[in-house]
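Q: Got a predicted structure plus its sequence, pasted below:
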Amino acid sequence: MFTPKLPSFVSCILLLSAFTYSYPQTVESELIRPSKANPLIKNFDDTNVILRPAKMNDAPILVFLPGTNGKPENPKLLLQVAAEQGYRVLGLEYDDSPAVDQVCPKLPDRTCAEKFREMRIWGTGAGAPGVTNPVEESIVARLVALLQILEKRHPSEKWGEYLTPDNQPVWSRIAIAGQSQGAGMAAFIAKKESIYRVILFSSPIDFTKGEENAQFAPWLTWPSATLAERWYAVRNVREPFNQMLTKTYPLLGIPTNHVITNNLDLPSNADASNPMAYHGTNIKDPRYIPEWRFLFGTVGTK
């Protein structure tokens, strides 16, 4: 189940903790609608989630981007584990429909995914066919607005220190994780900006079919502004995208010992008839808590 090699006694302790896990620290939570942070936001207005570790100080922020039609509140346990690792956690709502893989694989333009993600993340560029959003609804603008309202509401917590004087994120103090489409967004940002850490749950799988065989999006092999040692990823051997991910993770330059392969049977309460069940369980199944801890790392170790 756990790709990285650990001493056997450590592995046993971690596996046991997946079933007996309790939270020794107090994690405070808060919910803020994007439109409350910025009234210009009209679409995709499910609440952002803010989690505070017991000792914030100058802890890095972990921004979590859900998958298509996902909600920031859905992976509650995952986000709480991240907070217990020492992060200030922001589950961020964003324009997540349609998904990249609903648009670009049908088109011959190999730069489709790049255009799509640039529009969603920064609100700039031409966008993919039918894909557009106002700048204020872009991922980065939403993050900035959320940090600004948190600074206004809680000045003693110094959320404003994660913004530059011209109100851009201080990327070196921000980690980004995402699931499915959100993981693709996280990876694209990590290619462009030097961030604290990037954690990918089952994505990206950006490709186009063209006239012959499928071709991967060129951006996957761009030089990365984020050091390779700060890239982490997970895939499930039984999810539909597994074979694609075995190719895209190396294209991104992720170290092989930073990629986890999940392979447990579905939990008893999962819908086994859903072909995407294994794709989603990577961020929900509490038996993967040891893997989440490894992926997030302990704050201060990057």
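A: That came through fine.
Q: from here on, contacts and neighbour counts on C-alpha atoms
A: Fine.
Q: Can you report how many residues neighbour Asp46?
A: Number of residues near Asp46 (other Cα atoms under 10 Å) recorded here: 18.
Q: Looks like it contacts Lys71 (just checking).
A: Yes - with contact defined as Cα atoms under 8 Å, Asp46 and Lys71 form a contacting pair (6.7 Å).
Q: Kindly point out which residues are neighbours of both of those two.
A: The contact sets of Asp46 and Lys71 overlap at Glu93 (Cα atoms under 8 Å, 6 or more residues apart in numbering).
Q: chain center to stretch 83-101, what's the gap?
A: Centroid separation between stretch 83-101 and its chain, computed with Cα atoms, centre = their mean, to the nearest Å, is 5 Å.
Q: In it, which residues are buried?
A: 83-96, 99-100 (16 or more other Cα atoms under 10 Å).
Q: same thing with stretch 254-261?
A: Ile254, His258, Val259, Ile260, Thr261.
Q: List the ones among those that fall in helices.
A: The helices, defined by DSSP state H, take in nothing from the buried residues of stretch 254-261.
Q: can you redo these as TSV with distance to Thr298 and pLDDT?
A: Below are the buried residues of stretch 254-261 laid out as TSV (distance: Cα to Cα, whole Å; pLDDT from 0 to 100):
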residue	distance to Thr298	pLDDT
Ile254	19	98
His258	15	98
Val259	17	98
Ile260	17	98
Thr261	20	97
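Q: For Gln168, give me its contacts.
A: So Gln168 contacts Val144 (Cα under 8 Å, 6+ apart).
Q: Mind doing that once more with 6 Å?
A: Going by Cα atoms under 6 Å, 6 or more residues apart in numbering, Gln168 touches no other residue.
Q: before we move on, what about Leu65?
A: Leu65 touches Leu92, Gly178, Gly182, counting by Cα under 6 Å, 6+ apart.
Q: I'd say the last one and Thr68 touch.
A: No - the pair formed by Gly182 and Thr68 falls short of the contact definition of Cα atoms under 6 Å, at 7.5 Å.
Q: returning to what we had before: which one of the buried residues of stretch 254-261 is nearest to Pro105?
A: Top of the list for closeness to Pro105, among these and by Cα to Cα, is Ile254 at 23.4 Å.
Q: and the gap between that closest one and Leu31?
A: 33 Å (Cα to Cα, to the nearest Å).
Q: again with Tyr278
A: In terms of Cα to Cα, Tyr278 sits 28 Å off from Leu31.
Q: Looking at these two, which one has more neighbours?
A: Shown here are Tyr278 and Leu31; by other Cα under 10 Å, Tyr278 has more neighbours (27 against 15).
Q: how about the nearest residue to that one, chain neighbours excluded?
A: What sits nearest to Tyr278 in space, not counting adjacent residues and going by Cα to Cα, 6 or more residues apart in numbering, is Glu239, at 4.9 Å.
Q: Ala270 now?
A: Per Cα to Cα, 6+ apart, closest to Ala270 is Ala277, 7.1 Å.
Q: Can you check the pLDDT for that neighbour?
A: Confidence at Ala277, expressed as pLDDT, is 94.
Q: With Val10 instead?
A: 31.
Q: Next: Lys55.
A: 86.
Q: What count of nearby residues applies to it?
A: Residues near Lys55, counting by other Cα under 10 Å: 15.
Q: Surely it is in a helix?
A: No - using DSSP: H, G, I helix; E, B strand; the rest coil, the secondary structure at Lys55 is coil, not a helix.
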